[in-house]
Every structure is written in C-alpha cells, then in structure tokens.
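*Asks:* just need the structure, nothing else, for what follows:
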Amino acid sequence: MDLLNTAIISKHGGGSAASDPRALMTALQSWSAVQQEIGQETNSLLSLIARAVSEDASGEITDFRTIQNFVRAGQAHRILSVGDQLRVNRLSSASAEGTGAITAAAVDADAFLRAVRRPETANYVFAFDGTSWSLRGENGASRAVTLGDYGITVTGTPTANDTVTVHTTATTFLWDVLGIDCDTPADGSYTHALSIGLHDCIANLQFDAREALFYCEEGLAVGTYNFTVTQHTWVSSDVNKTFQFTLTQEVPAGGQIVLMTASDVTIAGSTVQTFASASSTTEIETATVTEGSAGTSLGNVNNAVSGNTNCLQRGLIGSSNYAESAIRQYLNSSAATGSVWTPQTKFDRPPSWKDNVAGFLKGMDEDFLSVIGEVTKKTARNTISDGGGSVSTTERFFLLSRSEVYGGNEVAGGEGAAYPYYANYSDLAAAGTGSDSNRIKYRNGSTQYWWLRSPHAGYACKMHNITGTGNLSSNDASRSYLVSPACCIV
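*Replies:* The predicted structure follows:
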C-alpha cells in the first residue's frame, strides 16, 4: 500500500492497518460504528491524519514526516505492521546538459539533492525565459528557481527558451519494519520508535582492519628493536620467545608499527611495516622479523592492551570493538568516496575500502534522514581485551546484534530483545544459532554473509555474522562481508 508517496508493502502477508492518509481518513469518517466503539481515539487519529494531509499539501511536510507523526503519537501500529516495507531512494548519479547558447552545464549532486530532497530516476528541465529560470513540473506547471540553489552551473550566456536538463538516477532500498516501540529513543523527549532494517545487503566491507601492534608516541630512532611474546592464541610455540627487527629509517612521533603475518604462522620470518601516522597508507619501510633479543626492548606482547602496545589478536586480525569500528563510521557517514574513515584509536588502521567507498548516507533521501533519530543500543564487549559484559551507546544507523536477530545471547542479558520481525517468523522453535530462512539476505539475487555488531566475546578480533543459510557464525574482523543496517524513526 502507499502512504502518500512512500511505498509500504506487506512482506509476511499480515498486511497493514490502513492505506494512504486520505483514504484512511475517509474510511474512519464513514465508519460510524467504529467511531462509536473507539470514540476519542478515532477522533485523535482523524485529527492526526488530517494534519498530516494538510501539511503535505502545503509543502511543509513529507510522507516520512507523516509516518513520524504517527510514531510520536504512539499510533504507528494503526498504519504499519511488522514485515511491512518502506521504499527509500538514494541518489546514484546526476548530470546536466544545456541547449542553445548554453555550451556546457554541470550539477553538484549533493546540492541538487538538498534542493529536491527526494531522489528519483528522472529528468528535471530548467527553462530560461530571457529573464529568469523556472523548473518545469510533471503537470506542465512551472515555478521560478535559482540555478545555484540546485548546484547547477552553466557555460555561456543563456537566451530565451534555452534549457538545462538534469538527469538523475536513484537506487531503491527496501526497509522492513522490524518492530514497533522496541527501541528506546536517546532523546528523553520522545517515548516511541519505529525500528526498520534493510531488507537485503549492500557493500561488501571489511569490518575493521588489522591494527598496529605498537604506537610510537615519541617516535623511534634508527636501530634494532625487540619484543617478547608472552601469549599467542594460535601459535603456542611462539610463546615466551623474543623477536627482533632493525629499522633503517626513523618513525616519527605518532607513528605506528604493524606486524604483517597471518594469525596461525610463527612470527619469525614475518615482517613489520612502519607508518608515519594512523591514517597513512604508505609505509616508511618494511623490516624482517627474526628470533632474537638484540637492541632496545619494546616490552611484552600478549592479548592485553598496555600503554603503547596493542593486543596481539587485534594486531593480527583487527578489533571486535563495534564502537570503534570502521564499519560503524561507514553506516553513519554522508562523506564522499575516500573521506569516510578517520582513526578512532592510536592503533587504528585504514580499512581496505577507505579510498573507494562513499558513506552509506551519501545521496540518501533527505526527508527520510530527517526522521531518523538516535536510540540507545547495547553491545557485548569481548572478554580478552575489553573486559567483557556490554556497553550502551547512542546509535543512529547501526548493525543488528545477535540477540536482536533471534540468535540467543552473547552475554548475560543479551544485546536487546529479539525484534518481532525475526522472532515471529523464525524457523526455529527458540532463539538459536541454527539455520533460519528468515535471516537469509540477498544481493543481486545471491544469498550473502552479513555482519552483526556482536563480537565473538571469547576473542578480541572476531565478529558474529549471518551465513547464506541463516546460521549464526563468526569470523575475523579484517574479513569482508556484506552490510545490512537498521535505524529507527523517532
């Protein structure tokens, strides 16, 4: 069904409580028996719907704001059911061309989106009458505009009847209603939330990169250095051994040393790379690591974070700390390609996708983004480097947790109750890790592995994910899987 211009369709067959606001208002007004039964609540709903419709007609409100009005009134269940879907567009591209005396035209996609707010695959025609510009509407009507407000620039001096056409393409995302009033708004002024999650997967991304093993707070001079491994999860023969390497170039203050080896291979014979900073992707040099204790000691290396020495697991495979992760930055960023990631800790390293991925929110429908609020989420902490238990954070766009997808608890108390979308339609008799068709997600017609925000608490470097058959699994944080974010209309 449609709510104004927002498509709402039923996935699980239960249907929604109503059609668009105008139809719903007409139906409620004609059902005198229903009005008598629910009395004041009907009148309240009619008032809410009438306000939403009139505001939309005046151009002061969009359909997403209409949904938000119902959510804030605690009436989301009147127009939406778990499993219904919202259709949201994201601008993929925008180009411009001119006619007549206009020899060239260009458009800034971000500025254009801010002006139109709702991206579509469409052609927008701007016409010049010899004095001013107007934007032609689908119904033949036009309204006066300023090209600069739409990010449009032209080369040449336009004359009467010249036009600029902006061609846009948009990608459509379907969001499932996961639950109503399942999440707690971070802003205490609000008490209701509509939880929605992306139906399929996007972006095959590394959760978090292999981290630096050493942070060089004051820099390191040219010379030989060593460190002693007092704990190694995968190579027991390396425990209590000392390894050394020689630098022929100094590392500046704020630089890093990264151990370049697989987790299940002895450190002897591997290499270290040095970098001038956490954000640098060009190594200063690569040095071979051998067994030995020559030179200056950098201390002991184990699975704890101590001063300027990182947890070895994180130095080999990446960090399972969701709050500090690269993928969390991606989900909440509208930055251009290459500008999404920034270091979150002194050991952080650039993810593999740093230079070729724009933020998830870039190009997203501005009206949709305007109704998405922050909620308080709980996430497990690993017992190796982060102390176990869980931590509460404020999230806008987030990954789902193990317990939220009906996968059982990673820590006592879980990381949020299972959303009805996952619990009510599961193949499982009880929350668990087994195959569940309701957790299967697709991209381009193929089933995918997709990340959760829950760590495998017994490691500092492993995250949970859902497999192509809907099982709960886990893998290295430095691996790449697909992403299926969630958010809340508040």
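
*Asks:* just say helix, strand or coil for G470.
*Replies:* Three-state assignment for G470 (DSSP: H, G, I helix; E, B strand; the rest coil): coil.

*Asks:* distance of it relative to N438?
*Replies:* G470 sits 7 Å away from N438, going by Cβ to Cβ, to the nearest Å. C-beta: built from backbone N, CA, C; applies to glycine.

*Asks:* ok, these two, which is more surrounded?
*Replies:* G470 (21 against 16; other Cβ atoms under 10 Å).

*Asks:* hang on, isn't that one packed against D436?
*Replies:* Yes: using Cβ atoms under 8 Å, G470 is in contact with D436, at 4.0 Å.

*Asks:* which residues do G470 and N438 both contact?
*Replies:* Common neighbours of G470 and N438 (criterion: Cβ atoms under 8 Å, 6 or more residues apart in numbering): D427.

*Asks:* next one, pLDDT for the one residue sitting closest to the centre of the chain please.
*Replies:* The C-alpha lying nearest the average C-alpha coordinate of the chain belongs to L331 (Cα atoms, centre = their mean; 2.0 Å). Per-residue confidence (pLDDT) for L331: 98.

*Asks:* F70 now?
*Replies:* At F70, pLDDT is 96.

*Asks:* how far off centre is the lengthiest strand in the chain?
*Replies:* In the chain, assigned by DSSP state E, the strand with the most residues is strand 163-180. On the basis of Cα atoms, centre = their mean, to the nearest Å, strand 163-180 sits 16 Å off its chain's mean C-alpha point.

*Asks:* partner strands of whichever helix or strand comes after it and their direction?
*Replies:* Next in sequence after strand 163-180, counting helices and strands by DSSP states H and E, comes strand 184-185. Here strand 184-185 has these sheet partners by DSSP bridges: strand 375-380 (antiparallel).

*Asks:* quick check: buried residues in the strand it pairs with?
*Replies:* Neighbour-count burial for strand 375-380, with 16 or more other Cβ atoms under 10 Å as criterion, is recorded at V375, K377, K378, T379, A380.

*Asks:* contacts for that strand?
*Replies:* Residues contacting strand 375-380 (Cβ under 8 Å, 6+ apart): 183-186, 193, 322-323, 389-396, 398, 401-402, 410-411, 413-416, 453-455, 457, 488, 490.

*Asks:* mind checking which of these are buried?
*Replies:* Buried among the contacts of strand 375-380 (16+ other Cβ under 10 Å): 183-186, 193, 322, 390, 393, 395-396, 398, 401-402, 410-411, 414-416, 453-455, 457, 488, 490.

*Asks:* just the ones of those residues in strands?
*Replies:* Filtering the buried ones among the contacts of strand 375-380 for strands - DSSP E - leaves T184, P185, S390, T393, E395, R453, S454, P455, C488.

*Asks:* overlap of the contact sets of G470 and D436?
*Replies:* Shared contacts of G470 and D436 (Cβ under 8 Å, 6+ apart): D427.

*Asks:* show me where the stretch 251-400 of the chain has its helices.
*Replies:* Assigned by DSSP state H, counting those that start in this stretch, the stretch 251-400 of the chain shows helices spanning 312-317, 326-331, 366-371.
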